[in-house]
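With the input below, show me the fold.
(one chain, ligands or ions: 2)
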Amino acid sequence: MSNNVFFEPTEIWTQTCNELKKLIPEDAYTRWFQPLSLVDYRAGKAVLGISNSIYQYWIEENYITTLQGAFETVTGSNVKVEFKTIQPDGSAQMVVSERTEPTKSKKKLHGRTARRSYADSIDLVPRYTFDTFVVGTNNEFAHAASVAVAKSPARTYNPLFIHGSVGLGKTHLMHAIGHDMLKESASTRIVYVTSEQFTNEFVSAIQHGELANFRKRFRMADTLLIDDIQFFAGKERSQEEFFHTFNALFDGNKQIIMTSDCSPSDIAKLEDRLVSRFEWGLTAELQAPDIETRLAILKSKATKLNIVLNDHVLLFIAERVKANIRRLEGALNRVAAWAALNDRKIRQEQVEELLKDFIQEEARHVVTIDAIQRKVAENFDLRLADMSSKRRPNNIAIPRMVAMYLSRKMTSKSLQEIGESFGGRDHGTVLHAVKKIEARITSDANLRQQIHMVTQQIESGN
Ligand code: ADP
Ligand code: MG
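Ligands and ions are numbered 1, 2, ... in the order given. Got it, this is the predicted structure:
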């Protein structure tokens, strides 16, 4: 059935293009696929030659599933798509897919991990380095801690725990540490996994009676990078196994670095002994970037993409895409793609049109301090004005603290900005409020319930 071994890449590509033409509008086909070539095809991997990384961004963002489907129709097998930049002189340079989380290809490595040479096979995204990481007030602490750990592993902060919501640079920082350590010593053994992979490999090791190998792989590491630890929530056996891995490494004076989308104590169903262990070292939080940092990130990425965009266009993007740096990049890529393929200068209306879905998406997620104050006032029976007043009776002070606490949890505003919205209080007052409510929630079920209810109302926008 599978006669594709006889196919030449050009033949496969011609047929795939014919499939594509049936699936996408003609102008999209002409613009995005016609200029490409298939430079290599083997073992389920297709390498497309592109003249500009914009093609990769655009195709990965919009057409990757369609393209894979077309390849599959033609070749009868699953195809992984990669891109190569073809230089004007005809030589090619591999482009590591930036949008593929390194975890995906990793699963196949199971079983031969013990033989891996660490320096060249570890799945660190090449561009996730300290050089490409823009430092702003939102991330300077986590950045400084990461640099310190990279410089003297296991001697400064162990473990290092980086947390923050999605798309704020946790994986980037973690890989940057790995790169730096490898630069320092190519033979240092770094193991990078997500907690999901750890769990999968652990389960598979049990099934195949390879537990000894599994343990060896992790316990021989000089540095263990373990990403997205929140995935351990509720997975008791994996937690147990990780607990032992952690202890073995820690006792052996090896560095452990972890990331999570929330602080150790906020990970539901994580055993207390793990929580306390994670807090032994240093915990650093990544916050949403402020406008200056967002602008700096956009400028830095534009330079790397080799595109020139007007300052007002960059500002327009930075003002609208706030909560997630990955989305910020996505927005820039889209505008860059347009700019690269149209000679005309891009105008504001076009940017608006191009980014319509980004902007709508943001609007859905933006919770304002104002909305929080209103909801809290409503639910706790006080006047909105009491949120910023100096009055201090408990029946006002507590709800006000709840509103500050929620502003901290639900918006990307800084402590200072939150303080300003509450009648010009300073950031220490806000921090105190957040801590106080956090502590109260654990002992006061009523309050916890009430906060939960308000949160839901705010989230649903009712
Ligand atoms: P997380 O792991 O927190 O979800 P990532 O580390 O995957 O986030 O980052 C998302 C994207 O944003 C990546 O492409 C990363 O390079 C980029 N990014 C995040 N923070 C920064 C920063 N401070 N400077 C430059 N790029 C950043
Ligand atoms: Mg990540």
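
what secondary structure does residue 84 sit in?
Following DSSP: H, G, I helix; E, B strand; the rest coil, residue 84 is assigned to strand.

Do I have it right that it meets residue 47?
Yes: using C-beta atoms under 8 Å, residue 84 is in contact with residue 47, at 5.4 Å. No exception for glycine: its C-beta is placed from N, CA and C like everyone else's.

Find residues that contact each of the two.
39, 40 (C-beta atoms under 8 Å, 6 or more residues apart in numbering).

Which neighbouring elements make contact with the strand or helix carrying residue 361?
If you go by DSSP states H and E, residue 361 is part of helix 356-365. In terms of contacts (3 or more C-beta pairs under 8 Å, 6 or more residues apart in numbering; DSSP states H and E), helix 356-365 is packed against helix 311-320, helix 325-341.

what's around residue 428, how many residues?
11 (other C-beta atoms under 10 Å).

Could you number the chain from 37 rather than 1 from now on?
Fine by me, first position is 37 from now on; the one you just mentioned is residue 464.

Let me know the helix or strand that it is in.
Using DSSP H and E, residue 464 falls in helix 463-479.

Remind me what that helix packs against, helices and strands.
So helix 463-479, by 3+ C-beta pairs under 8 Å, 6+ apart, packs with helix 430-446, helix 451-457, helix 481-496.

and of these, who's closest to residue 270?
helix 481-496 (19.7 Å; C-beta to C-beta).

Please, where are all the strands along the stretch 237-386 of the chain?
259-263, 291-296, 318-321 (DSSP state E, counting those that start in this stretch).

Go through the helices and strands packed on helix 392-401 and pick out the most buried.
helix 361-377 (a mean of 21; mean count of other C-beta atoms under 10 Å).

so what does that helix touch, helix or strand wise?
So helix 361-377, by 3+ C-beta pairs under 8 Å, 6+ apart, packs with helix 89-98, helix 327-341, helix 347-356, helix 384-390, helix 392-401.

orientation of that helix relative to helix 347-356 in degrees?
Angle between the axes of helix 361-377 and helix 347-356 is 150 degrees (criterion: axes from the mean of the first three to the mean of the last three C-alpha atoms, to 10 degrees).

check whether helix 361-377 contacts ligand 1.
Yes: Helix 361-377 lies within reach of ligand 1 by C-beta under 6 Å from any ligand atom, at 361, 362, 365.

And for the closest residue to the first one other than its chain neighbours, the neighbour number?
Spatial nearest neighbour of residue 361, chain neighbours left out: residue 203 (5.3 Å); criterion: C-beta to C-beta, 6 or more residues apart in numbering. Neighbouring residues of residue 203 were enumerated by other C-beta under 10 Å; the total is 18.

thought residue 203 was touching residue 363?
Yes: applying C-beta under 8 Å, one finds residue 203 in contact with residue 363, separated by 6.3 Å.

what residues do the two have in common as contacts?
With C-beta under 8 Å, 6+ apart, residue 203 and residue 363 have no common neighbours.

What is the helix or strand hosting residue 104 packed up against?
Using DSSP H and E, residue 104 falls within helix 100-111. Packing partners of helix 100-111 (3+ C-beta pairs under 8 Å, 6+ apart): helix 45-59, strand 116-122.

Pipe the ones you listed into CSV and attach distance to residue 71, mean neighbour count and mean pLDDT per row.
Listed next are those as CSV, based on distance: least, C-beta to C-beta, whole Å; neighbours: other C-beta atoms under 10 Å; pLDDT from 0 to 100:
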stretch, distance to residue 71, mean neighbour count, mean pLDDT
helix 45-59, 11, 16, 88
strand 116-122, 10, 18, 88
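
Ligand 1: which of the ones you listed is closest?
strand 116-122 (16.5 Å; C-beta to the nearest ligand atom).

What is that closest one packed up against?
By 3+ C-beta pairs under 8 Å, 6+ apart, strand 116-122 packs against strand 73-78, strand 81-86, helix 89-98, helix 100-111, strand 128-131.

where does the stretch 137-286 of the chain have low pLDDT?
137-158 (pLDDT under 70).

who's in contact with the spatially most central residue of the chain?
With distances taken as C-alpha atoms, centre = their mean, the residue of the chain nearest its centroid is residue 203 (3.5 Å). Counting by C-beta under 8 Å, 6+ apart, residue 203 makes contact with 359, 360, 361, 362, 363.

Show me which residues of this protein sit near ligand 1.
164, 168-170, 175, 200, 202-208, 333, 361-362, 365.

Can I get the buried part of those as one PyMOL selection?
Restricted to buried positions by 16 or more other C-beta atoms under 10 Å, the PyMOL selection for the residues of the chain next to ligand 1 reads:
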select buried, resi 164+169+170+175+200+203+204+205+206+207+208+333+361+365
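
Nice, that's everything, thank you.
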